[in-house]
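S.K.: Pasted the sequence and its predicted model underneath.
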Amino acid sequence: MAEQVLVVGASGITGAALVDELLAAGHEVIGLARRSHQREGVRFVQADLTDPAAVQAALAGLKPGWVFFTTWARQATEAQNIEVNAAMVRNVLQALSGRGVRHVGLVTGLKHYLGPFEAYGQGSLPQTPFRESQGRLDVANFYYAQEDEVFAAAARDGFSWSVHRPHTVIGVAPGNAMNMATTLAVYASLCKAQGKPMVFPGSRVQWDSLTDMTDAHQLAQQLLWAATAPGAANQAFNIVNGDVFRWRWMWGRIAEWFGVQAADYPATPAPLEQQLAGSAEAWRALAGEHGLAEASIERLVSPWHTDADLGRPLEVVTDMSKSRGLGFTAYQATDEAFFRAFARLRAERLIP
């Protein structure tokens, strides 16, 4: 049965993929975002999510059966992350209280197990593969604060909930603050134009160890599945593609797609923030030469986040047994997920 569905963050990497899946399934989609957006088949409403009155006004008259949170706002400290991101969830759910919401899905991530940016990968961490039965770390984390807002609203209003914990998400959304696929595509394109090899920016542990990732559509499919699947209500789920790989292999696959040489592991660390420093004019020239749609490299890349992901000093592998056991069996090869994202970036003239 078709639902009216509210997607908070419908223009982001995860939100855009979720909208794709919802529209394909015939649902009525409403996107809530801070800035104005347009997309065929989607009704966008605009509000500052930290302003309760603005959220109340933007959602006036709407009665979504499902609500999905696929966005967050990065702040300078974790204390501010908690204050702002918890308020965003709380304001939306308070505005919709009493309007018949039946399910709320919240996207968080593996920082549930690894800790927030300020204490990332530090202290006593759970063993890999990460499992949902592993409890919260003894450290403040805005993911926990967001969950608590959902739990409190569910107790008040009687809806079911699901929490989804992806690894790094592969998808396309220019301007997104955590955008590995686009960052690597821009880097590879510059390497090709300059005749340079691609140099891995991360740690030796990441280069050699097994890891996994999450395609945005894989995550979107799990969000929809959890809204209706028997046994999935009021549960937290890990969500990755289903394969594992080593970056020493994946780096070569990505370089091959772009027709660039993949360098051996570097003798000294080579983070992308360092490698891409001063590349604004080179990208602007490349964009002009190829008629690209975005000449500002700052709008496309997030090297700080890619460096954080690839620089981790520990193995990161995620267990999917819980949702598999309940019937979620979707699978996506990670190299193919990257290639699909690269092809879309090229089709949208964001890379040459």
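M.R.: That came in fine, so what should we check first?
S.K.: Can you give the distance from stretch 246-253 to the centre of its chain?
M.R.: How far stretch 246-253 lies from its chain's middle: 21 Å, per C-alpha atoms, centre = their mean, to the nearest Å.
S.K.: tell me the mean pLDDT over it?
M.R.: Averaged over stretch 246-253, pLDDT sits at 98.
S.K.: who touches it?
M.R.: 198, 200, 202, 206-211, 262, 265, 310, 334-335, 338 (C-beta atoms under 8 Å, 6 or more residues apart in numbering). Quick note: C-beta positions are derived from backbone N, CA and C, even for glycine.
S.K.: can I get the CA coordinates of that stretch in PDB?
M.R.: Only the C-alpha atoms of stretch 246-253 are listed here, as PDB (Å, rounded to 0.1, in the frame of the first residue of the first chain):
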ATOM      1  CA  ARG A 246      41.300  -5.100   1.100                       C
ATOM      2  CA  TRP A 247      42.000  -1.600   0.000                       C
ATOM      3  CA  ARG A 248      45.200  -2.800  -1.700                       C
ATOM      4  CA  TRP A 249      42.900  -4.600  -4.100                       C
ATOM      5  CA  MET A 250      40.100  -1.900  -4.300                       C
ATOM      6  CA  TRP A 251      42.700   0.900  -4.900                       C
ATOM      7  CA  GLY A 252      43.800  -0.900  -8.000                       C
ATOM      8  CA  ARG A 253      40.200  -1.500  -9.200                       C
END
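S.K.: Flag every buried residue along that stretch.
M.R.: For stretch 246-253, the neighbour count (16 or more other C-beta atoms under 10 Å) marks 247, 248, 250, 251 as buried.
S.K.: Hmm, residue 159 and residue 98 touching each other?
M.R.: No: with contact taken as C-beta atoms under 8 Å, residue 98 and residue 159 are classed as non-touching, separated by 11.2 Å.
S.K.: So which of those two has more stuff around it?
M.R.: residue 159 (21 against 9; other C-beta atoms under 10 Å).
S.K.: Residue 105 is in contact with the more buried one, correct?
M.R.: No: using C-beta under 8 Å, residue 159 and residue 105 do not qualify as a contacting pair, with a distance of 10.5 Å.
S.K.: ok, so of the contacts of stretch 246-253, who is nearest residue 178?
M.R.: Distances from residue 178 to those, taken as C-beta to C-beta, are shortest for residue 310 (12.7 Å).
S.K.: State the three-state secondary structure for the residue nearest to the closest one when sequence neighbours are not counted.
M.R.: Spatial nearest neighbour of residue 310, chain neighbours left out: residue 202 (2.8 Å); criterion: C-beta to C-beta, 6 or more residues apart in numbering. Classification of residue 202 by DSSP: H, G, I helix; E, B strand; the rest coil places it in coil.
S.K.: contacting residues for residue 55?
M.R.: By C-beta under 8 Å, 6+ apart, residue 55 lies in contact with 32, 47, 48, 49, 91, 92, 95.
S.K.: can you do 10 Å?
M.R.: If a contact means C-beta atoms under 10 Å, 6 or more residues apart in numbering, then residue 55 has 8, 32, 45, 47-49, 87-88, 90-96 as its contacts.
S.K.: same thing with residue 231?
M.R.: Residue 231 sits next to 323, 325, 326, 327 when contact means C-beta under 10 Å, 6+ apart.
S.K.: where does the chain have low pLDDT?
M.R.: Counting by pLDDT under 70, the chain has low-confidence residues at 121, 123, 177.
S.K.: go again using 90 as the cut-off
M.R.: The model of the chain has pLDDT under 90 over residues 1-2, 33-41, 74, 115-127, 173-178, 230, 312-314.
S.K.: Buried residues of the host helix or strand of residue 281, list them for me.
M.R.: Assigned by DSSP states H and E, residue 281 falls within helix 280-290. By 16+ other C-beta under 10 Å, the buried positions in helix 280-290 come out as 283, 286, 287.
S.K.: same for the helix or strand containing residue 340, what does it pack against?
M.R.: In the assignment (DSSP H and E), residue 340 maps to helix 334-347. Under the contact definition 3 or more C-beta pairs under 10 Å, 6 or more residues apart in numbering; DSSP states H and E, helix 334-347 sits against strand 169-170, helix 180-194, strand 214-215, helix 216-228, helix 247-258.
S.K.: Ok, which of these comes nearest residue 293?
M.R.: helix 180-194 (12.5 Å).
S.K.: Relative to the whole chain's centre, how far out is that closest one?
M.R.: In terms of C-alpha atoms, centre = their mean, the centre of helix 180-194 is set 20 Å apart from its chain centre.
S.K.: One more: stretch 150-160?
M.R.: Relative to its chain's centre, stretch 150-160 lies at 24 Å (C-alpha atoms, centre = their mean).
S.K.: repeat for stretch 182-198
M.R.: On the basis of C-alpha atoms, centre = their mean, stretch 182-198 sits 23 Å off its chain's mean C-alpha point.
S.K.: show me where the stretch 1-150 of the chain has strands.
M.R.: Using DSSP state E, counting those that start in this stretch, the strands of the stretch 1-150 of the chain run over residues 4-8, 28-33, 42-46, 66-69, 103-107.
S.K.: Same list, those, but as CSV with mean neighbour count and distance to residue 155 please.
M.R.: Putting those into CSV (neighbours: other C-beta atoms under 10 Å; distance: least, C-beta to C-beta, whole Å) gives the following:
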stretch, mean neighbour count, distance to residue 155
strand 4-8, 24, 20
strand 28-33, 22, 23
strand 42-46, 16, 27
strand 66-69, 26, 16
strand 103-107, 25, 12
